[in-house]
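Participant: what shape does this take:
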Amino acid sequence: FIRVGNRGYGSGAVLQDDTFERNIKGANAAGVKAGVYFFSQAVNVEEAKEDYNCVLEMSQMATTFARRDSADSNTIEQTVSVIDSDGDVVATSENVIGIVRFARGSATEVLEYQEVEPSRNQGYIHPYYITDAAYIRTEADGIVCKAAGVTMKIPLTGVGEIISYKNQKISYYSVSDNGYLVHTYTYYSGENINYASTRVGYKPDYLTRGAKYYSYDGHYFYATFENMIADYQTGKHGKAVNANNPYYNYYQYLPFHSQTNYSKDEINNYIGSKYSEKPTSNKTSNLTSKQSLLFGEGEAFVKGNETGVNPLLTLSVAINESGWGRSSIALSKNNIFGLNAVDSNPQDAADTFNNVADCVNVFMQQYITHGYLDTKNDSRYYGGHLGDKASGMNVKYASDPYWGEKAAAHSYSIDEYLGKKDFQKYSIGIKISANAVNVYKEANTSSNVIYSLKNSYSNLNVTHMPVILLDKTNNWYKIYTDHALDENRNRIVKIEIGS
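Facilitator: Presented below is the predicted three-dimensional model:
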């Protein structure tokens, strides 16, 4: 390896190595394959980018020298890598068919990313919940990869390593013996990488039990990792086993502005099948195995039917966020949705409520109807469903990129226990492309545009946005909107649910 330069210890300036040209020419003349490196002492992301750009520039110069001295320019290979102080490669431009392993980071530190396409949305994930993404390419200012439905660019500081997928713990999908589609993914447990699994719906016909499938968006599945990467690099999905039939998890893409068939007694029956008592203390250390803050709260959830805030989805979020109403935040603050429990200080920052019913009421009114489902006035609107990091509440609600599918899994469990009366109650249409689609008051383009299927507040296009289909006339669909409208169907209205 030949040094291309370094960052000055005192000045902090980027310095090119005066002997680089002589050394690289000597290596080429002797027929020795040579790599290059930069001794970096960067103290922030901007300096790291400067160092990386220096490596790119000098490595291109090395390629020029090599081609000038070589009789066969086709034999010249160029690989640019970023190596940390321990000598480990943390980023590379080599055509690796593999994964990005996210840097583990601290318990309170999220990894911010820039969506590459289509909306340039800035999002965030927490590496605790996800360790791997599909590696696509290396650019001067970051690594492009795909995870949780998003093609994203992450800074070099967020990369632990870029490695071949072979013999590694990586995410995949499979079909269980009882016909469920299961997503198995990796997460950090201390210094270790472990597996966890979530049920993501019923098996589609094109997937076979006993096989392993790869996907980092949950829509298109691949029999081989190589085929998946080839499609991701070109922005296509032609090599997927379901290239013309993308998969959508029903409860993950069911808009919140919908209803359940279940009564408060049925909801209480389901909760009671798991826990049979209210907690007698606000400390987790005093909980018994029978106690849950959710016990007996069916009425609070079913009130959502009055304004179309789906009680089944709401309960599923509560179960997922509060660990069945048994978390420290739930017990000490009656906060079963993790409202305002920011990653940097969740316990102290989380909101406090007088009781569970108040918390449910605030979640439905402020966070759903007039928050995440406010199609015009809220920056968090990416569709009115649970979703992932490409669309839905998951984009801004949680740093866990699999938050939406985890909550949806509880909806399947509730529905199956109570008789499967909700599954496919609604017909759902998906706007797959990034192009915005207007929602009109009437079935003609001269009528009032109520809103557009995009993030109107920030003028961002959004893919994979679902709508509930009620009817079809000619080339028009009649749909539920993601928010309540006034009696003339012209504007959003505020509807109180009541305590």
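
Participant: drop to CA atoms for contacts and neighbour counts, all remaining ones
Facilitator: Will do.

Participant: how about the helices of this structure, start to end?
Facilitator: Secondary structure of the chain (DSSP state H): helices at 20-29, 45-69, 225-234, 250-253, 264-274, 298-302, 311-322, 328-333, 346-349, 356-362, 394-397, 403-417.

Participant: keeping just the C-alphas, turn the fourth one into PDB.
Facilitator: Same thing as helix 250-253. What follows is helix 250-253 as a C-alpha-only set of coordinates in PDB (Å, rounded to 0.1, in the frame of the first residue of the first chain):
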ATOM      1  CA  TYR A 250     -52.300  -6.000   4.800                       C
ATOM      2  CA  TYR A 251     -52.100  -4.500   8.300                       C
ATOM      3  CA  GLN A 252     -48.900  -2.700   7.700                       C
ATOM      4  CA  TYR A 253     -50.500  -0.900   4.800                       C
END
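
Participant: now do it: which elements does it pack against?
Facilitator: helix 403-417 (3 or more C-alpha pairs under 8 Å, 6 or more residues apart in numbering; DSSP states H and E).

Participant: buried residues, the helix it packs on. List them.
Facilitator: 403-412, 414-415 (16 or more other C-alpha atoms under 10 Å).

Participant: now that helix, how far from the chain's geometric center?
Facilitator: 17 Å (C-alpha atoms, centre = their mean, to the nearest Å).

Participant: residues in contact with that helix?
Facilitator: Identification of contacts with helix 403-417 by C-alpha atoms under 8 Å, 6 or more residues apart in numbering yields 198-201, 249, 251-252, 270, 312-313, 316-317, 319-320, 386-388, 393-394, 421-423.

Participant: quick one, which of the residues you listed are buried?
Facilitator: 198-201, 249, 251-252, 270, 312-313, 316-317, 319-320, 386-388, 393-394, 422.

Participant: and the closest residue to Arg101 other than its chain neighbours, how many residues sit next to it?
Facilitator: Closest residue to Arg101 apart from its sequence neighbours, by C-alpha to C-alpha, 6 or more residues apart in numbering: Asp132 at 4.7 Å. For Asp132, the neighbour count with other C-alpha atoms under 10 Å is 30.

Participant: was I right about Asp132 contacting Ser171?
Facilitator: Yes - using C-alpha atoms under 8 Å, Asp132 is in contact with Ser171, at 7.2 Å.

Participant: how about the residue nearest to Arg101, what does it touch?
Facilitator: Asp132 touches 99-102, 147, 170-171, 186, counting by C-alpha under 8 Å, 6+ apart.

Participant: returning to that earlier point: including distance to Asp141 and mean pLDDT, could the helices of the chain go into JSON lines?
Facilitator: Shown next, in JSON lines, are the helices of the chain (distance: least, C-alpha to C-alpha, whole Å; pLDDT from 0 to 100):
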{"stretch": "helix 20-29", "distance to Asp141": "24", "mean pLDDT": "80"}
{"stretch": "helix 45-69", "distance to Asp141": "6", "mean pLDDT": "61"}
{"stretch": "helix 225-234", "distance to Asp141": "18", "mean pLDDT": "96"}
{"stretch": "helix 250-253", "distance to Asp141": "33", "mean pLDDT": "98"}
{"stretch": "helix 264-274", "distance to Asp141": "49", "mean pLDDT": "98"}
{"stretch": "helix 298-302", "distance to Asp141": "46", "mean pLDDT": "98"}
{"stretch": "helix 311-322", "distance to Asp141": "35", "mean pLDDT": "98"}
{"stretch": "helix 328-333", "distance to Asp141": "39", "mean pLDDT": "96"}
{"stretch": "helix 346-349", "distance to Asp141": "31", "mean pLDDT": "88"}
{"stretch": "helix 356-362", "distance to Asp141": "41", "mean pLDDT": "96"}
{"stretch": "helix 394-397", "distance to Asp141": "23", "mean pLDDT": "96"}
{"stretch": "helix 403-417", "distance to Asp141": "29", "mean pLDDT": "98"}
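
Participant: for Gly158, which of the ones you listed is the nearest?
Facilitator: helix 45-69 (10.1 Å; C-alpha to C-alpha).

Participant: the helices of the chain: which one's closest to Asp471?
Facilitator: The nearest among these, by C-alpha to C-alpha, is helix 250-253 at 18.7 Å.

Participant: contacts for the closest one?
Facilitator: 201, 313, 385-387, 404-405, 407-409, 411-412, 423-424, 428, 466.

Participant: all strands of the stretch 351-499 of the chain, in order?
Facilitator: With strands called from DSSP state E, counting those that start in this stretch, the stretch 351-499 of the chain shows them at 427-431, 438-440, 449-452, 465-473, 476-479.

Participant: mean pLDDT lowest for which of these?
Facilitator: Note on these: lowest mean pLDDT is at strand 449-452, with a mean of 91.

Participant: okay, the helices of the chain in TSV with distance to Asn435 next?
Facilitator: TSV is the format used below for those (distance: least, C-alpha to C-alpha, whole Å):
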stretch	distance to Asn435
helix 20-29	49
helix 45-69	33
helix 225-234	19
helix 250-253	18
helix 264-274	39
helix 298-302	35
helix 311-322	28
helix 328-333	40
helix 346-349	36
helix 356-362	33
helix 394-397	18
helix 403-417	23
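
Participant: out of these, nearest to Val462?
Facilitator: If we rank those by C-alpha to C-alpha, the stretch that ends up nearest is helix 394-397, at 10.7 Å.

Participant: now do the same contact list for Ser276.
Facilitator: Ser276 neighbours (C-alpha under 8 Å, 6+ apart): 290-292, 295.

Participant: what's the separation between it and Phe337?
Facilitator: 21 Å (C-alpha to C-alpha, to the nearest Å).

Participant: and for Asp351?
Facilitator: On the measure of C-alpha to C-alpha, Asp351 and Phe337 end up 10 Å apart.

Participant: neighbour count: these two, which is higher?
Facilitator: Each of Asp351 and Phe337 has its neighbours counted (other C-alpha under 10 Å); Phe337 has more, 25 against 18.

Participant: ok, the more buried one - contacts?
Facilitator: 317-318, 321-322, 330, 359, 363 are the contacts of Phe337 under C-alpha under 8 Å, 6+ apart.

Participant: hmm, 6 Å instead?
Facilitator: 318, 321 (C-alpha atoms under 6 Å, 6 or more residues apart in numbering).

Participant: likewise for the one 3 residues further on?
Facilitator: Asn340 makes contacts with 350-351, as judged by C-alpha under 6 Å, 6+ apart.

Participant: ok, it to Thr375 distance?
Facilitator: From Asn340 to Thr375 the distance is 21 Å (C-alpha to C-alpha).

Participant: can you list contacts of stretch 133-147?
Facilitator: Here stretch 133-147 has contacts from 49, 93, 98-100, 151-156, 216, 233, using C-alpha under 6 Å, 6+ apart.

Participant: give the buried residues for stretch 236-249.
Facilitator: Going by 16+ other C-alpha under 10 Å, stretch 236-249 has these buried residues: 237, 239-242, 247-249.

Participant: swap that for stretch 277-291, please
Facilitator: 277-279, 282, 287, 291.

Participant: need those residues in JSON lines with distance to Ala42 and pLDDT, can you?
Facilitator: Shown next, in JSON lines, are the buried residues of stretch 277-291 (distance: C-alpha to C-alpha, whole Å; pLDDT from 0 to 100):
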{"residue": "Glu277", "distance to Ala42": "56", "pLDDT": "97"}
{"residue": "Lys278", "distance to Ala42": "54", "pLDDT": "97"}
{"residue": "Pro279", "distance to Ala42": "52", "pLDDT": "96"}
{"residue": "Asn282", "distance to Ala42": "47", "pLDDT": "93"}
{"residue": "Leu287", "distance to Ala42": "49", "pLDDT": "96"}
{"residue": "Gln291", "distance to Ala42": "52", "pLDDT": "98"}
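
Participant: between those, which sits nearest Asn227?
Facilitator: Nearest member of the buried residues of stretch 277-291 to Asn227, counting by C-alpha to C-alpha, is Gln291, at 48.2 Å.
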